[in-house]
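Visitor: Predicted model, plus sequence, below.
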Amino acid sequence: MPQTIVADAGYGSEENFAYVEKQGRTALMKWNTYRLEGTRKWQRQVKRVENWTYDDTHDEWICAAGRRLTFQGLKQARSDNGYWATLRVYQAHDCPTCPLKAECTTAEYRRIQISP
């Protein structure tokens, strides 16, 4: 097996990155939204977690409206291929009064799942 694995964004999943790392190889793969994240349209979307700020001191995400989503716990998720990932779950507590709520979520409170 080669030392460096090169693949296009279609292969850029957490499962594939973990596999390459487990094999002791280097991955040169873009993640599946890499190209989209560079567009103005993507960067203007307030619902995209990729456009938010992470506060590592308090382990909280700060949304586009400046509101904080606090850590709720861990969740295990299994892919169709059987890969298990541990997700960190965060939830907002003041969405009903947010002026950006309609652009962000249809749920009463925004909840996100992050895979480190």
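Guide: Okay, I see it. Numbers count the residues shown, from 1 in each chain.
Visitor: Could you give the average pLDDT over stretch 52-66?
Guide: Averaged over stretch 52-66, pLDDT sits at 97.
Visitor: Residues touching it, excluding its own?
Guide: Residues outside stretch 52-66 that contact it (C-beta atoms under 8 Å, 6 or more residues apart in numbering): 46-47, 49, 51, 68-71, 90, 92, 98-100, 104, 110, 112, 114. Where C-beta positions appear, they are placed from N, C-alpha and C, glycine not excepted.
Visitor: Please indicate which of those residues are buried?
Guide: 46, 68-69, 90, 92, 98, 100, 104, 110, 112 (16 or more other C-beta atoms under 10 Å).
Visitor: helices and strands of the protein: which one has the lowest mean pLDDT?
Guide: Across the helices and strands of the chain, mean confidence by mean pLDDT, DSSP states H and E is lowest for helix 34-37: a mean of 84.
Visitor: List the buried residues of the longest helix anywhere in the chain.
Guide: The residue-count maximum for a helix in the chain (DSSP state H) belongs to helix 14-22. Buried residues in helix 14-22, defined by neighbour count with 16+ other C-beta under 10 Å: 16, 20.
Visitor: So which bits of the helix or strand that comes right after it are buried?
Guide: For helix 14-22, the succeeding helix or strand toward the C-terminus, using DSSP states H and E, is strand 26-29. By 16+ other C-beta under 10 Å, the buried positions in strand 26-29 come out as 27, 29.
Visitor: who touches strand 26-29?
Guide: 3-9, 11-12, 16-17, 20-21.
Visitor: Now for those: which two are most distant?
Guide: Within the contacts of strand 26-29, two members stand farthest from each other by C-beta to C-beta: 3 and 9, at 21.2 Å.
Visitor: Those two - which one has more neighbours?
Guide: residue 9 (14 against 8; other C-beta atoms under 10 Å).
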